[in-house]
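>>> Provided below for reference: sequence and predicted model.
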Protein chains: 2
Amino acid sequence: MRIAVDAMGGDNAPQAIVEGVLLACKDFPTIEFQLYGKESEIRKYMTEQPNIKIIHTDEKIDSDDEPVRAIRRKKQASMVLAAQAVKNGEADAIFSAGNTGALLAAGLLIVGRIKGIERPGLLSTMPVIGSETGFDLLDLGANADNKPEHLVQYGILGSFYAENVRGIKKPRVGLLNNGTEETKGSELTKKTFELLSQEESIHFIGNVEARDILTGVADVVVTDGFTGNAVLKSIEGTALNIVSLLKKSILDSGLKGKIGALLLKDALKNLKNEMDYAKYGGAVLFGLKAPVVKTHGSTGPEAVATTIRQIHTMLESKVVEHLVEKFEPKTND
Amino acid sequence: MRIAVDAMGGDNAPQAIVEGVLLACKDFPTIEFQLYGKESEIRKYMTEQPNIKIIHTDEKIDSDDEPVRAIRRKKQASMVLAAQAVKNGEADAIFSAGNTGALLAAGLLIVGRIKGIERPGLLSTMPVIGSETGFDLLDLGANADNKPEHLVQYGILGSFYAENVRGIKKPRVGLLNNGTEETKGSELTKKTFELLSQEESIHFIGNVEARDILTGVADVVVTDGFTGNAVLKSIEGTALNIVSLLKKSILDSGLKGKIGALLLKDALKNLKNEMDYAKYGGAVLFGLKAPVVKTHGSTGPEAVATTIRQIHTMLESKVVEHLVEKFEPKTND
């Protein structure tokens, strides 16, 4: 098992990336890690390791680079070389905390789609409040416009992910809609509902509303990339704002509030842990020939290690191979 | 000023509605309230009042009624009679806490659109965290599919509302999108961006992301009804889940946590108040010939009174008349 790592992607690169890989090394001594990036920088944070290879390059993609242009022009960028390694069969998966758009472009243009999958979707496992089991939401914005057929494929992709990577038997697939009734929705969701109802390979449970997804009404929630992006950012924005408001309220309420906060430390920590979806790993551009996984740019070593664990599970479960079997059926000779 | 009140709509009707109207009566002795509903039920919660008229009817629309059918068949329902009163010029606005879909249908089919407005939008003022000023979000789901032209009208509608009803000079209008860059978006938002940039009657500030709207990046946020509905429900769902998780964490953390919660009472109350958007009133189906305003079905008397105050401001500011002037320009004879 070989993972190509973009060591230069993210706000805290290469330090957080290297330290995260070192953490993961302990758990997975059989993985070969290929770190793409500036060798002198990478070496600051590690000594020689038998299962870590450094592939030096001076070039990298910046967070404000225009994605497709960056992928095409910066041929020696750490992210591009990592994607090339996957394409050439020298690595089995790619990990980056860098420019999301560029990683999506690298995934589509270099790693490539599984035959039969029209629009790979960006998938993330989100927290279900009060439970250790999350739910998979896709597409989170790899696409801005989707057709019903894409959404049906997201249902299948999400179901394969939940079953293979998260170990959920017969995952419940819900369609994000503006009401739970069958007749509700936009032209897109009405047609998608019809098609998902006919799709026998998944367990479609009907429409679900954004209000209820955090409580675990479905294991997989399917939506178009525009809506998925808006929902993800609404959840993030609301959670961040509430937490910062709570902090501010505590600071403003004087000594009494500070003692209260101290006594509530465990409860507040628990809240933070429940909402932290980095515990499930990164976002996967799913539907490609290999795992292409992205974590937040501000990620720390722990989250990097968690994402490596997620990639390990994806490779071990052979979820991509299973998808290929589903979407590229063998012809009977 | 005469407000037609659907006294039978909502989970706590008619009690919460009647008690809310009684509260509002004290602040606005010059408003004439017309309560539509079962007289014997209404009388349980009030004595004779000079400025409250009761118009008895036995029929009402239930929360699970199919909206358009209910409006067409239940001709004597309290909501339908209230809407008819507005249509016939016997009342200036309608208030209901009942079936949202039915109220939207009553607004469109009975009260009617302002000439020139293609698709009235459902607008609600949402909280900006850490500030008393909120922002107006529309469309929240009156429409499932929108065209760019509709979204431009939402920009104008929202701007008129923010300026007239909330007293904001030159409201900043933002377009909800999946990135702030001009080139970002779906076919719908790209075209809308272009049209909004050309619309000189409003102060368009460009794209805004769902992550940032709660921090007040814009005074008016424009989106299609499907996305707006998903964003509203995501914010609600996240806030509700965090608060209930916090409560559970406190309960689970024993005596220490309970004392902490007691000391933090003010901070937690402040949090609840900041997130409570009922303080801005109800949701307005905006673009109709008269104010049509809806509050949550679970609403209590205080929120009813707040919504009456909002309707009063809408009528006093003549925001609907200003819209008519904008959209129905007088021909030069």
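Cool, got the structure. Residues are numbered from 1 along each chain as shown, chains lettered A, B, ... in the order given.
>>> only C-alpha atoms for contact and neighbour calcs from this point on.
OK.
>>> just the helices in the stretch 1-150 of chain A please.
All helices of the stretch 1-150 of chain A, identified by DSSP state H, counting those that start in this stretch, fall at A:15-27, A:39-43, A:67-73, A:78-87, A:100-106, A:148-164.
>>> now do the fifth one: which elements does it pack against?
This means helix A:100-106. In terms of contacts (3 or more CA pairs under 8 Å, 6 or more residues apart in numbering or on different chains; DSSP states H and E), helix A:100-106 is packed against helix A:67-73, helix A:78-87, strand A:292-294.
>>> buried set for stretch A:108-123?
The neighbour-count check on stretch A:108-123 (16 or more other CA atoms under 10 Å in any protein chain shown) flags A:108, A:110-114, A:117, A:119-123 as buried.
>>> point out where chain A drops to low pLDDT.
Low-confidence segments of chain A, defined by pLDDT under 70: A:330-333.
>>> how near is the residue nearest the centre of it to residue A:147?
Geometric centre of chain A, nearest residue: residue A:283, 0.8 Å, by CA atoms, centre = their mean. Going from residue A:283 to residue A:147 by CA to CA, to the nearest Å gives 22 Å.
>>> surely residue A:207 is within a helix?
No. Using DSSP: H, G, I helix; E, B strand; the rest coil, the assignment for residue A:207 is strand, not a helix.
>>> if we can go back for a sec, just name the closest of the buried residues of stretch A:108-123 to residue A:212, please.
Nearest to residue A:212, judged by CA to CA, of those is residue A:123 at 18.4 Å.
>>> list the contacts for that closest one?
Applying CA atoms under 8 Å, 6 or more residues apart in numbering or on different chains to residue A:123 gives the contacts A:136-140, A:158, A:283-286.
>>> excluding residues flanking it in the chain, which one is nearest it?
Excluding the flanking residues, the one nearest residue A:123 by CA to CA, 6 or more residues apart in numbering or on different chains is residue A:138, at 4.6 Å.
>>> I figured the one you found was touching residue A:222, is that so?
Yes. Assessed by CA atoms under 8 Å, residue A:138 is found in contact with residue A:222 at 5.4 Å.
>>> touching both of those two, which residues are there?
Common contacts of residue A:138 and residue A:222 (CA under 8 Å, 6+ apart): A:154, A:158.
>>> who's residue A:52 bridged to?
Counting by DSSP bridges, residue A:52 is bridged to residue A:33.
>>> how near is it to residue A:30?
Separation of residue A:52 from residue A:30 (CA to CA): 11 Å.
>>> again with residue A:7
Noted for residue A:7: a distance of 20 Å to residue A:30, by CA to CA.
>>> more neighbours: which of those two?
residue A:7 (32 against 11; other CA atoms under 10 Å in any protein chain shown).
>>> so the more buried one sits against residue A:37, correct?
Yes. Between residue A:7 and residue A:37 there is a contact under CA under 8 Å: 5.4 Å.
>>> joint contacts of these two?
Contact criterion CA under 8 Å, 6+ apart; residues shared by residue A:7 and residue A:37: residue A:78.
>>> burial count for residue A:253?
The criterion is other CA under 10 Å. On that basis, residue A:253 has 16 neighbouring residues.
>>> once you drop chain neighbours, what's closest to it?
Distances taken as CA to CA, 6+ apart put residue B:267 closest to residue A:253, at 6.6 Å, once the chain neighbours are dropped.
>>> got it, and residue A:281?
Computed as CA to CA, 6+ apart, the closest residue to residue A:281 that is not its neighbour in sequence is residue A:307, at 4.1 Å.
>>> how near is that neighbour to residue A:179?
For residue A:307, the distance to residue A:179 equals 34 Å [CA to CA].
>>> and those two? which has more neighbours close in?
Comparing residue A:307 with residue A:179 by other CA under 10 Å, the one with more neighbours is residue A:307, at 26 against 15.
>>> was I right to think that one contacts residue A:291?
No. With contact defined as CA under 8 Å, residue A:307 does not reach residue A:291; the gap is 11.3 Å.
>>> what sits in contact with each of the two?
In contact with both residue A:307 and residue A:291: no residue, using CA under 8 Å, 6+ apart.
>>> what segments of chain A are strands?
A:2-6, A:32-37, A:52-56, A:93-96, A:121-126, A:135-138, A:172-176, A:203-208, A:220-222, A:283-286, A:292-294 (DSSP state E).
>>> would you turn those into TSV with distance to residue B:63?
What follows is the strands of chain A, written out as TSV (distance: least, CA to CA, whole Å):
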stretch	distance to residue B:63
strand A:2-6	54
strand A:32-37	58
strand A:52-56	62
strand A:93-96	49
strand A:121-126	32
strand A:135-138	30
strand A:172-176	22
strand A:203-208	19
strand A:220-222	27
strand A:283-286	39
strand A:292-294	44
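>>> out of those strands, deepest packed?
strand A:220-222 (a mean of 33; mean count of other CA atoms under 10 Å in any protein chain shown).
>>> how far away is the residue in the stretch 1-150 of chain A positioned nearest to chain B from residue B:188?
Across the stretch 1-150 of chain A, no residue is closer to chain B than residue A:144, which sits at 4.7 Å (CA to the nearest CA). Residue A:144 sits 10 Å away from residue B:188, going by CA to CA.
>>> and those two? Which one has more around it.
Taking other CA under 10 Å, residue A:144 and residue B:188 do not tie; residue A:144 has more neighbours (21 against 18).
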